[in-house]
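>>> Coordinates for the following, if possible.
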Amino acid sequence: MNAMAKIISGWLCTGLLMIGGIDVSAARSQTEVLDENQAPGRTMAQQATKERQIWITADHSRHEILQKEFTSGPEVTKACLSCHELAAGQFHKTIHWTWLDPNVPPGERIGKAGHSINNFCINLSGNEPRCTSCHAGYGWRDGSFNFKDEAAVDCLVCHEQTGTYKKFPTGAGHPVQEATIFAENNQTYNPPDWNLVAQSVGRPTRANCGACHFYGGGDDGVKHGDLDSSLAKPNKMLDVHMGLDGQDFDCVRCHTTTLHNIAGRTYATPAATHRKSLIEDDLAAKIMCESCHSSTPHKPGVKANDHTDKVACQSCHIPEFARVNATKMYWDWSTAGNKKDGKPYKEKGPHGKPTYDTKKGDFRWEKDVQPAYFWFNGSINAITARDPIDPSQPVDINWPVGSRSDQNARIFPFKVHEGRQPYDKINKTLLIPKLFGPKGSGAYWAEYDWKKALENGMQAAGLSFSGEYDFAETRYIFPITHMVAPKEKAVTCIECHSPNGRLAALTDFYMPGRDSFRAINIIGWVLVLGTLVGVTFHGLGRAIVRGRKED
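Have a look, this model is predicted:
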């Protein structure tokens, strides 16, 4: 059967089903309901992850060197290095330490410690003591920080298991030495019991990772949308892998680690350059869905298996993100600075989240957000504070790489965070403000003077500023990979295969049920009606002939 005949045949069948009052999409979904308990991909995943017990071969509470009295983090690190003598050197080579992309020349300064830009907190330069409260190190206060100092590595933030170890939000990575109230959130931070936390160390848990990654951007759920405090103790309805009543995976179950390099996407570098299953290569990282589930995860003959070459697993299995806690979807810096009775203020809106903050401007938060979808091969390109922009239209700070013709690209879900932020009217570049600092430092949060803040921020970054600024609309994307829903909540066929479905914005390919051709539609309906007429006359003819025979 040639291609045109197949199309016409498909229209004929579809038309007859519609005339008969049958919903084609419903019929299809009923015939393709998956018993994933028997699906090969589910079986493979169970085999790959069935061994839950992790071997722990040392009780650190019994180590003599950890019995001595400690008074600071660097002292604990030196004790750690007396046994783990290579650990600091390994960690110094990772992005968690440098905050720069290790896969590009250092001079390009790609990363949050370089000239990369975002549209939430914008950039690190000049703001180190505040931002580096989430750095796995001690003492990064400015550009003079010694990145070669092994004792400056913070082993505890990733490995302590008491849950009592907390860095002070403006302490450049250090905890406090005495009980201190942080005015921003009115919380009291207490000094650690150094011996207790040192003796508790073990493999990182989601609490260790979440201490920074759930709160990136300055608050719970600001950045990613699929990473927030709801994943600290989720149920399987929120995430089938991390749910306490499900698989109960920690982050390191998938984000496997080699020499302290944690598997995951790094700026333009994909999370993995292969799609191997663990059966093909048992040393492969578990970061890709295919690692455990294979590229044909459903039962043989199920149509969904034919989608895996062009549709990412996440697109079907993460129908919405921010399903428990709201995530920030819009941040307008241009409205910052307003005061009430001469004092900074905040206003709360839906979801109990601030919708205005004198220090930061206007926000919009949303829950149960349907992702945006783009072609994505694992790489993300971005501009820096050095690159020219066109402020007359929304500026894409970063964007996914991939296309329909790219064999490594899949349709992938994203959060798109929109904002307004300062740019240089003369140089046509995005600007870096100094936000954090005491009065007299030129920091915006201390003096509410944008020009001073931008001069100081750009100077700290080693970049030029013309002195003239305005605000530009910007967009920033985050891949959505967490909050995998149970199979019953997966995206249904009709949600995409319809004219105004989830993939309406991807117009570079033909999709059945969404797209149509007028000529083929006419031919199809003519055949449907012709068939109906033929069946009707055939039935009448048989009835007449039968009546004559009976006579």
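>>> Sticking with S441, tell me its helix or strand.
Following DSSP states H and E, one finds S441 outside all helices and strands.
>>> for N456, that is, sorry about that
Per DSSP H and E, N456 falls inside helix 450-461.
>>> next one: that helix to chain centre, how far?
How far helix 450-461 lies from its chain's middle: 30 Å, per Cα atoms, centre = their mean, to the nearest Å.
>>> For that helix, buried residues please.
Residues of helix 450-461 classed as buried under the neighbour-count rule (16 or more other Cβ atoms under 10 Å) are 450, 452-461. For every residue, glycine as well, the C-beta is placed using N, CA and C.
>>> Give me the buried positions along the helix or strand following it.
Beyond helix 450-461 in the direction of the C-terminus, DSSP H and E gives the next helix or strand as strand 469-479. If you call a residue buried by 16+ other Cβ under 10 Å, then strand 469-479 has these buried ones: 469, 471-479.
>>> and if you look at stretch 430-450?
Taking 16+ other Cβ under 10 Å as the neighbour-count basis, stretch 430-450 is seen to contain the buried residues 430-437, 441-448, 450.
>>> Looking at these, which are in strands?
Secondary structure defined by DSSP state E assigns none of these to strands.
>>> that older thread, any chance of the buried residues of helix 450-461 in TSV, plus distance to I95 and pLDDT?
What follows is these, written out as TSV (distance: Cβ to Cβ, whole Å; pLDDT from 0 to 100):
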residue	distance to I95	pLDDT
W450	31	98
K452	32	97
A453	28	98
L454	27	98
E455	29	98
N456	26	97
G457	23	97
M458	24	97
Q459	26	97
A460	21	96
A461	19	96
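>>> Now the terminal residues of stretch 263-281, how far apart.
In stretch 263-281, first residue to last residue: 16 Å (Cα to Cα, to the nearest Å).
>>> how much does the lengthiest strand in the chain deviate in direction from helix 450-461?
Ranked by residue count under DSSP E, the longest strand found in the chain is strand 410-424. Between strand 410-424 and helix 450-461, the angle comes out at 120 degrees (axes from the mean of the first three to the mean of the last three Cα atoms, to 10 degrees).
>>> and strand 410-424, average pLDDT?
Per-residue pLDDT values over strand 410-424 give a mean of 98.
>>> from the middle of its chain, how far away would that strand be?
Taking Cα atoms, centre = their mean, one finds the center of strand 410-424 at 12 Å from the center of the full chain.
>>> Show me which residues of the longest helix seen in the chain are buried.
For the chain, the longest helix by residue count, based on DSSP state H, is helix 518-550. Going by neighbour count (16+ other Cβ under 10 Å), the buried part of helix 518-550 is 523-524, 527-528.
>>> Same list (the residues you listed) but as CSV, adding distance to Y510 and pLDDT.
Output for the buried residues of helix 518-550, formatted as CSV (distance: Cβ to Cβ, whole Å; pLDDT from 0 to 100):
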residue, distance to Y510, pLDDT
I523, 17, 84
G524, 15, 82
L527, 20, 90
V528, 21, 91
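>>> So which of those residues is the closest to R420?
G524 (48.6 Å; Cβ to Cβ).
>>> how close does that closest one sit to G352?
Separation of G524 from G352 (Cβ to Cβ, to the nearest Å): 53 Å.
>>> Equivalent analysis for H92, please.
Applying Cβ to Cβ to H92 and G352 gives a distance of 40 Å.
>>> out of these two, which sits in the busier spot?
Legend: neighbour count by other Cβ atoms under 10 Å for H92 and G352, higher for H92 (18 against 9).
>>> hang on, the more buried one packs against K148?
Yes: with contacts defined as Cβ atoms under 8 Å, H92 counts as touching K148 at a distance of 7.0 Å.
>>> For the stretch 301-450 of the chain, which segments count as strands?
Taking DSSP state E, counting those that start in this stretch as the test, the strands found in the stretch 301-450 of the chain are 327-332, 346-348, 354-357, 361-366, 372-376, 380-382, 395-396, 398-400, 410-424.
>>> Out of the ones you listed, which gets nearest to M288?
M288 sits nearest to strand 410-424 of all these, at 10.8 Å, using Cβ to Cβ.
>>> and the closest one, what does it pack onto?
Packed against strand 410-424, as judged by 3 or more Cβ pairs under 8 Å, 6 or more residues apart in numbering; DSSP states H and E, are the following elements: helix 313-317, strand 327-332, strand 372-376, strand 469-479.
>>> Kindly export the last one (C-alpha atoms) in PDB.
Taking only C-alpha atoms (Å, rounded to 0.1, in the frame of the first residue of the first chain), the coordinates of strand 469-479 have been written out as PDB:
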ATOM      1  CA  TYR A 469      20.700  51.800  31.900                       C
ATOM      2  CA  ASP A 470      17.100  50.700  31.400                       C
ATOM      3  CA  PHE A 471      15.200  47.400  31.800                       C
ATOM      4  CA  ALA A 472      14.700  44.700  29.200                       C
ATOM      5  CA  GLU A 473      12.300  41.800  29.100                       C
ATOM      6  CA  THR A 474      14.100  38.400  29.400                       C
ATOM      7  CA  ARG A 475      13.500  34.700  29.300                       C
ATOM      8  CA  TYR A 476      15.400  31.900  31.000                       C
ATOM      9  CA  ILE A 477      14.700  28.200  30.700                       C
ATOM     10  CA  PHE A 478      15.100  25.200  33.100                       C
ATOM     11  CA  PRO A 479      14.800  21.600  31.900                       C
END
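>>> starting at the chain centroid, how far to that strand?
17 Å.
>>> what's the answer for the first one, then?
How far helix 313-317 lies from its chain's middle: 13 Å, per Cα atoms, centre = their mean.
>>> Which secondary structure elements does that helix sit against?
Under the contact criterion of 3+ Cβ pairs under 8 Å, 6+ apart, helix 313-317 touches helix 289-293, strand 410-424.
>>> Now do the buried residues in the first one.
Of the residues in helix 289-293, those scored as buried under the neighbour-count criterion (16+ other Cβ under 10 Å) are 289-293.
>>> and what of stretch 262-275?
By neighbour count, and taking 16+ other Cβ under 10 Å as the criterion, the buried residues in stretch 262-275 are 262-264, 266-272, 275.
>>> which residues touch that stretch?
Stretch 262-275 is touched from outside by 94-96, 101-104, 110-111, 116, 252, 254-257, 284-288, 290-291, 295, 377-382, 401, 479, with contacts defined as Cβ atoms under 8 Å, 6 or more residues apart in numbering.
>>> Emit the ChimeraX select command for whichever of these are buried.
Under the burial definition 16+ other Cβ under 10 Å, those of those that qualify are selected in ChimeraX by:
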select :94,95,96,101,102,104,110,111,116,252,254,255,256,284,285,286,287,288,290,291,377,378,379,380,382,401,479
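>>> could you give the angle of the longest strand of the chain to strand 361-366?
Between strand 410-424 and strand 361-366, the angle formed by their directions is 170 degrees, by the same axes, to 10 degrees.
>>> what inclination does strand 410-424 have with respect to strand 469-479?
With the same axes, to 10 degrees as the criterion, the two stretches strand 410-424 and strand 469-479 enclose an angle of 160 degrees.
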